[in-house]
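Q: attaching a predicted model along with its sequence, questions to come.
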Amino acid sequence: SSSALRSRQAAFDRDREIAARLSASDAWLKLSMSAARMMAWDWDLETGIITRSENSVAILGIADGAATAFFELVHPDDRESVKAATQKAIAGGAPYAVEFRVITPNGRVLWLLVKGELRRDEKGRATHLAGISMDLSERKQAEQTLAAAKTELTAQLEDMTRLHEMSVVLSADTELQSVLNNLVKAVCGVHGASLGTLMLYDKERKDLYPAARLGFSDAYMDRLGRIAVGAGWCGMAIAERRRVVVENALSDARFVPYLPAIRMGGYESAYSTPLITPDGEVLGTIAIYMPAPYRPSERAVRLTDLYARLASETIARSRYSAALRDSEARYRALIEVSPQIIWAAQPDGYIIYCNESWSEYTGLTMAESEGNGWTQAIAPEHVTRVSNAWMQAASSGEQYEVEVPFRRASDGQFRWHLARGLPLRDERGNILSWIGVAIDIDDRKHAEEALRKAHADLEARVVERTAEWSEANKFLQALLDNVQDAIVACDESGTLTLFNPASLRLHGLPQAPLPAAQWAEHYELYYADGKTRMATEDIPLFRALRGERVRNVEMVIAPKRGPARTLLASGQAFHDDRGVKLGAVVSMYDISERKQAEQALRKAHNELERRATQLGTLAAQLTQAEAKERRRIAQLLHDDLQQLLLSGKFRLSSLKSRAPDVDFTPVMEIFDQSIQASRSLSVELSPPALYQLDFAGSLEWFAQRIKAQYGLDVAVKARGPDPALPDEMKTLLFQALNELLVNVVKHAGADRARIDASTRWRGAWLVVRVEDDGAGFDARELSGKAGFGLFGIRERFEYLGGNVAVYSHVGRGTRVAIIVPTGKARSQSDGDPTERVPGPLGSVVHERSPQAKSAIRVLVVDDHAMVRDGLRGILEDEPDMQVAGEAQDGLQAVALTSELQPDVVLMDINMPKLDGVEATRRIKAAHSHIHVIGLSMHADEGVMLTMRAAGASDYVAKDNASDALCASVRKCMQSVG
């Protein structure tokens, strides 16, 4: 019936739900056991078959099988004890728990903790032994590492104690022979040898002679005699300045000539170490001899080297008393710079010394740490325990070892240290002092604590971590879904396995794993030019997969559906906890709009340049017309007005003789003043000297005129060939000079000035500098001003292809540089006046002056000559900087950087042939030590980020260069220091 069917369907649904829950529970249990490296097993005692959980294959390399096969995996040293424990558990029914090693089929040795319980049937017979196995390998490895560290620390302390005891003995000895004998005994003791010698080096005879011995007869020593440098093992040690090990002298062809002496001495092997002082002086050798073939251990070599050093210092002390003080200073310095805390105490436990590491760590001075003062650094709850342990060791003379938490001064945290101390005794066994170390074991303590807790709360942590992973996955998924950058990831084969929505929009990809071979079905990748297909090895994701750290690689992606986009790609590989590479991830930032904006900006810039050229042409025409008009008016004044005035004066003179009773003096004075004013106006409008004299002569005439008018002394210096300036440019230039010198008279408070003129770049440009040492002013106040006087002239110079740069500081005077193109520059180029600088590659190389050897050498790169000259002027004002050279495009910058090796390169961004970004990238790739500072008229953040991504150390806007440029250069060099 239908009700029965519904009942059976409901029962079926309940069973299916129960099965699903069981499946989920089983999956959760498997995940937990895998995370804890735990394996379940069930041994059927009747069949002898062991059934194991699935992860047994991954951990042990074995699946279900006979128990005998498992016992074959047990380490041979543990096999019998494991079998005995197993039989005991089966026989007595006691809980089964045993730790042992197994050797997996692939050869790995693992430590296992196996626990199990015996199950019986209804008749009480043992039928099954079941339980779990836990991989303890990591814990055992940590325990072994800790034990090895303790053993090594004990050996080092013992070596330090032995070395210190020997040092005390040698310090107490005043007789050199006794010192040498003790040294031979000590070194022989290190190797367990009964034969030894110490040979001293004779500087005059340049050979070795016996100074001390152990075990050798007088006859042998007489036979041995003096040894030449390079002869035998001792002579070789001196000649080669290194230890010489002869493991078997009887079979070594080098020592055949010495076999009679070797047999007489009764030894077969030898080990010789040179005695060399810290300053390199050779003192001799110390050697041990063994009756059989012998190779010293690393510890013996290390101790022998220490004894050799001690012997060298002791011998030198005996010869030179000053050497002892130097040796003690070096020994104390060695302790002071040791990263470990080292301390010393009196026999009664009174602390008398702690090294600098103690003070740096705890913040306590030596005075604060003496006696019991050091306990201030201990956590309060541990002071009594640690103090009692120390006093107990001091009273009993036993080795001191305690774990103590010391407070770290830098952050106030208490960190665990292992403090160990050994007593230093005299020959009668009395304690002379204590010496010890304290080693930071806080990380190890925390690791041990974490290990203990892991066994207690493993199950809870698995649940907690599972929840955390779930939350983390949700967070990461939300982040991927909402981030604007495209993010893709691939596995180790290059198959795309992860895409966020942004990447799906950019790539046009399906939401499924995509093998690398199928990428081209959905999109194409191109280099930054958008035309050249990107080679497989250059694709950012594959570069990251190879292990490269990819940063800001520009490329173009063209999906099969949708427009092409320009991207900046960055990425790297990712690994699991064991360092195994799992794949790579790349993020891509869409810069298409920015690239379009840059293209529009370049177009606008070109249009602006074209219009500026037109304005320059118009300005040149206006200036030329003005100059002609000035000359015409001056000619009229000279030819007409002045002649009329002179004629009137002459007639007045004739009237004066006819009418002696009339006073014509006032009228004559008016005629004279008018004639003089006419002459002055004519000269000011168009000075004849400008056209009658060469440029240097014109400057001299101008300086004399300024002196006559204003009383200002002007020193003139003209260098280079006479510039072929057009009349209109010459007139404008002298108007500017007149304006500048009048400003000196009115505002600078100076009584002298300087004019320095020189032709540059093979006569194509004229640079005129006007300098004074007056009051000066803040040059930034001139920014953006234009109109009358100097500012109007500056605009006219700029229209004519020139420039005016002002450099001034309050109290340090003013310097104005005027840069104008000559007639030669105009004849060489009809284009942009800023590109008329001739020369090899258009570059300028400045010789390095002798006094500037320590100056910061700067290469200036800009495609505008006047900008380069302005930057050079700023840098040359600084005593610690020198311009090493100049370049007008990126290709020249790369070439000159390799040639000149400057400290800093000032790099313009927008330049022909090769822009500043690519030039910076090439320079940093070839010369990573050279700093690059970007320069641009635009303070665009995107441009700044692009330059920094290319390797630039800093970025400065040109309109702020006079203030920030020198500070940026010094900042770069300070980062090197």
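A: Done, it's in. Residues are numbered from 1 along each chain as shown.
Q: show me the shaky parts of the stretch 601-750 of the chain.
A: Scanning the stretch 601-750 of the chain for pLDDT under 70 picks out 612-628, 630-631, 634-654, 656-657, 676, 678-692.
Q: can you give me the strands in it?
A: For the stretch 601-750 of the chain, applying DSSP state E, counting those that start in this stretch gives strands covering 713-719.
Q: would you map the helices across the stretch 1-150 of the chain?
A: 2-35, 55-59, 67-73, 76-92, 137-172 (DSSP state H, counting those that start in this stretch).
Q: and those helices, which one averages the lowest pLDDT?
A: Of all the helices of the stretch 1-150 of the chain, the minimum mean pLDDT falls on helix 2-35 (a mean of 65).
Q: any idea how many residues pack against the spatially closest residue to Met366 that is not a sequence neighbour?
A: In space, and not counting its chain neighbours, Met366 is closest to Cys354: 6.1 Å by C-beta to C-beta, 6 or more residues apart in numbering. Just so you know, the C-beta spots here come from the backbone N, C-alpha and C atoms, and that holds for glycine as well. Neighbours of Cys354 under the rule other C-beta atoms under 10 Å: 25.
Q: ok, what's across the strand from Cys354?
A: Beta-bridge pairing for Cys354 (DSSP bridges): Trp343.
Q: need the contact list for it.
A: Counting by C-beta atoms under 8 Å, 6 or more residues apart in numbering, Cys354 makes contact with 341-343, 364, 366, 369, 374.
Q: go on, Lys123?
A: Contacts of Lys123 by C-beta under 8 Å, 6+ apart: none found.
Q: and it, its phi and psi?
A: phi -90, psi 0 (degrees, to the nearest 10).
Q: please renumber so the chain begins at 583
A: Yes, from this point I'll number from 583; that puts the last item at Lys705.
Q: now do it against Glu918, distance only.
A: Going from Lys705 to Glu918 by C-beta to C-beta, to the nearest Å gives 78 Å.
Q: again with Lys767
A: 31 Å.
Q: per-domain residue ranges of this structure.
A: Following automatic domain parsing, one gets these domains for the chain: 607-717, 755-908, 914-1030, 1065-1172, 1179-1263, 1269-1420, 1424-1558.
Q: average pLDDT for the second one?
A: This means domain 755-908. 87.
Q: then stretch 1004-1016?
A: For stretch 1004-1016, mean pLDDT is 88.
Q: which other residues reach that stretch?
A: Under C-beta under 8 Å, 6+ apart, the answer for stretch 1004-1016 is 739-740, 742-743, 746-747, 750-751, 926-929, 931, 934, 976, 979, 981-982, 1003, 1017-1018.
Q: now with 6 Å?
A: 739, 743, 746-747, 926-927, 929, 979, 981, 1003 (C-beta atoms under 6 Å, 6 or more residues apart in numbering).
Q: biggest separation within these, which pair?
A: Spatial extent of these (C-beta to C-beta) is set by the pair Leu739 and Pro929 at 17.6 Å.
Q: flag the shaky bits of the stretch 1033-1182 of the chain, pLDDT-wise.
A: The low-confidence ranges in the stretch 1033-1182 of the chain, as defined by pLDDT under 70, are 1044, 1048-1049, 1051-1052, 1054-1055, 1058-1064, 1089-1093, 1102.
Q: redo that, cut-off 80
A: 1036-1066, 1080-1081, 1084-1094, 1098-1104, 1143-1144, 1180 (pLDDT under 80).
Q: can you give me the strands in it?
A: Secondary structure of the stretch 1033-1182 of the chain (DSSP E, counting those that start in this stretch): strands at 1068-1073, 1078-1081, 1105-1108, 1132-1141, 1147-1157, 1163-1172.
Q: check these for me and report the most buried one.
A: Ranked by mean neighbour count, the strands of the stretch 1033-1182 of the chain are led by strand 1068-1073 with a mean of 22 (mean count of other C-beta atoms under 10 Å).
Q: tell me what it is packed against?
A: Judged by 3 or more C-beta pairs under 6 Å, 6 or more residues apart in numbering; DSSP states H and E, strand 1068-1073 is in contact with strand 1078-1081, helix 1083-1089, strand 1163-1172.
Q: please repeat the previous calculation with a cut-off of 7 Å.
A: Other elements packing on strand 1068-1073 under the criterion 3 or more C-beta pairs under 7 Å, 6 or more residues apart in numbering; DSSP states H and E are strand 1078-1081, helix 1083-1089, helix 1122-1127, strand 1163-1172.
Q: show me what that strand is in contact with.
A: 1062, 1078-1082, 1084-1085, 1088, 1123, 1127, 1164-1170 (C-beta atoms under 7 Å, 6 or more residues apart in numbering).
Q: ok, Val1352 - contacts?
A: 1319, 1322, 1335, 1337, 1398.
Q: swap that for Phe1284, sorry
A: Phe1284 touches 1316, 1319, counting by C-beta under 7 Å, 6+ apart.
Q: Lys1312 versus that one, what's the distance?
A: Counting by C-beta to C-beta, the gap from Phe1284 to Lys1312 is 11 Å.
Q: same question for Leu885.
A: As judged by C-beta to C-beta, Leu885 and Lys1312 stand 89 Å apart.
Q: who wins for most neighbours among the contacts of Val1352?
A: Ranking the contacts of Val1352 using other C-beta under 10 Å puts Ala1335 first, with 26 neighbours.
Q: isn't it up against Asp1354?
A: Yes: with contact defined as C-beta atoms under 7 Å, Ala1335 counts as touching Asp1354 (4.5 Å).
Q: overlap in contacts of those two?
A: Shared contacts of Ala1335 and Asp1354, defined by C-beta under 7 Å, 6+ apart, are found at Val1326.
Q: just the strands in the stretch 1333-1482 of the chain please.
A: 1334-1342, 1347-1354, 1385-1390, 1396-1403, 1426-1427, 1438-1443, 1463-1469.
Q: again, but for the stretch 783-932 of the chain
A: Under DSSP E, counting those that start in this stretch, the stretch 783-932 of the chain gives strands at 789-796, 809-810, 826-828, 851-858, 864-872, 923-927.
Q: so which residues make contact with the second one?
A: Strand 809-810 is contacted by residues 781, 789-790, 816-817 when judged by C-beta under 7 Å, 6+ apart.
Q: which pair of those residues spans the longest distance?
A: Pairwise distances across the contacts of strand 809-810 peak at 10.2 Å for Asp789 and Cys816 (criterion: C-beta to C-beta).
Q: if we can go back for a sec, now the contacts of stretch 1004-1016 in a markdown table, with distance to Ala1549?
A: What follows is those, written out as a markdown table (distance: C-beta to C-beta, whole Å):
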| residue | distance to Ala1549 |
| --- | --- |
| Leu739 | 54 |
| Thr743 | 57 |
| His746 | 55 |
| Glu747 | 60 |
| Ala926 | 50 |
| Ala927 | 54 |
| Pro929 | 61 |
| Gly979 | 65 |
| Gln981 | 60 |
| Gly1003 | 54 |
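Q: quick check, nearest of those residues to Met803?
A: Nearest to Met803 among these: Glu747, at 28.4 Å, using C-beta to C-beta.
Q: now for the nearest residue to Ser900 once chain neighbours are set aside, how many residues are close by?
A: Closest residue in space to Ser900, ignoring its immediate chain neighbours: Leu758 at 4.6 Å, by C-beta to C-beta, 6+ apart. The burial count assigned to Leu758 is 16, neighbours taken as other C-beta under 10 Å.
Q: I'd say Leu758 and Arg901 touch.
A: No: contact criterion C-beta under 7 Å: Leu758 and Arg901 do not qualify, at 8.4 Å.
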